[in-house]
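> Curious how this folds, go ahead:
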Amino acid sequence: MDRTIRVRSTLTDRKEEELERLGREKEAELRAGGVTASPLFTSVCIAPDLEKGRLGYFSPQGRLIVISENLAWGDDGSALRGVFLHELAHALDFALNGRVSGHSALFRQYCSLLGLEPGFEKSRIRIDLDAREEKKEKIRKLLALSSSPFENEAKEAIKKARMLMARESIEIGEEKNERIYMVTLHQAGRFPFSVRMLLSYISRITGVYIVTSYNGDGSKSAVAYGSLEETEASIYLYDYLMSSAEREIAKLRRKGRRVTKDSFLQGALSVLVSGTADESADRAIIAVQNENQRLAKKLVFPDTKIVTTTKRSHAGDAGSYAEGKGFGSKLDIPPAIGRKKIGCP
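Here you go, the predicted structure:
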């Protein structure tokens, strides 16, 4: 199951389509020149928070080209194109030789074949992006000063901010464009009651909006939509709770106990829900869920009808339910999951 966190927005969707089109044009050029190595890649993914400030990479597993969200939002197009062609050269290397050979002389030949300018360096782009972010931060501070109660200071600040924005071609409102992040939490042919309960609990705790949809292979996927922090939290919370419950169930079964997973997890979650009950916090989470639902429907499902289903009651095993309640009362969920890097495999 692919656990890549992806971003969806009007801007990033458009840039993914442009890069996909560029890649297919390059494949056609290669075929016309007698190089039969296409398709070089399956798709382009604009993803957040790549490790170590990476701008992009080619993943041989799935032949996926991944581009940093930071590059997509902060570039005029030339650097984005260059990074994509750089990764496409890695894809060509893999297609022709069955491996990714790094930045070898052969790789540089592939870069030239794809039309990448000689001397292109991703490290230089990284430096330029960092410098651009520093200028953005300076503009933000000037705009904050523009609301100063001192009239002359406010006028001078807005004047400097506008001059800097014009000179650097920076629109400070660009990061306000609506976006939403998405990640697959569970994928299978059927969703047992324990999984449905856990997904409902995670939505209630993190505020992610979860949609279950059918895939072309007959399986179903439960996808969480929310902010980057919310989707990250949903992954770790899902994995932590499911793996913790499965370890405890296995331990009880080794002792000869008869335990059903559905009833056990139902008991555990009943304790966790009661332990986090807070009327004001619940209202805040509902507001977050509603906003995530609005963004998901606007950016991901604009022409799709989403049906809301009611979770049916489950008459389970009383003994397993009691075991789960005991487990839930002792379960120590980390108070802060923390930011972690999520990337393509």
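
> Which stretches in the stretch 201-345 of the chain count as helices?
Assigned helices in the stretch 201-345 of the chain, in chain order: 228-254, 261-275, 279-299, 318-330 (criterion: DSSP state H, counting those that start in this stretch).

> next one: the stretch 51-200 of the chain
Under DSSP H, counting those that start in this stretch, the stretch 51-200 of the chain gives helices at 69-73, 78-97, 105-113, 122-145, 151-168, 193-206.

> Counting neighbours, which bits of the third one end up buried?
Buried residues in helix 105-113, defined by neighbour count with 16 or more other CB atoms under 10 Å: F107, Y110, C111. For the C-beta atoms, the positions are set from N, CA and C on the backbone; glycine is no exception.

> about what we covered before: specify the stretch among the helices of the stretch 201-345 of the chain that is closest to S9.
helix 279-299 (6.2 Å; CB to CB).

> Average pLDDT for the closest one, rounded please.
What helix 279-299 shows for mean pLDDT is 85.

> can I get the helices of the stretch 201-345 of the chain in a markdown table with mean neighbour count and distance to E153?
Below are the helices of the stretch 201-345 of the chain laid out as a markdown table (neighbours: other CB atoms under 10 Å; distance: least, CB to CB, whole Å):
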| stretch | mean neighbour count | distance to E153 |
| --- | --- | --- |
| helix 228-254 | 17 | 35 |
| helix 261-275 | 20 | 50 |
| helix 279-299 | 15 | 36 |
| helix 318-330 | 18 | 57 |
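
> between the ones you listed, which gets the lowest average pLDDT?
helix 279-299 (a mean of 85).

> counting contacts, what elements does that helix pack onto?
Applying 3 or more CB pairs under 8 Å, 6 or more residues apart in numbering; DSSP states H and E, one finds that helix 279-299 makes contact with strand 179-188, helix 193-206, strand 209-214, strand 220-226.

> rerun that using 7 Å as the cut-off
Helices and strands touching helix 279-299, as assessed by 3 or more CB pairs under 7 Å, 6 or more residues apart in numbering; DSSP states H and E, comprise strand 179-188, strand 209-214, strand 220-226.
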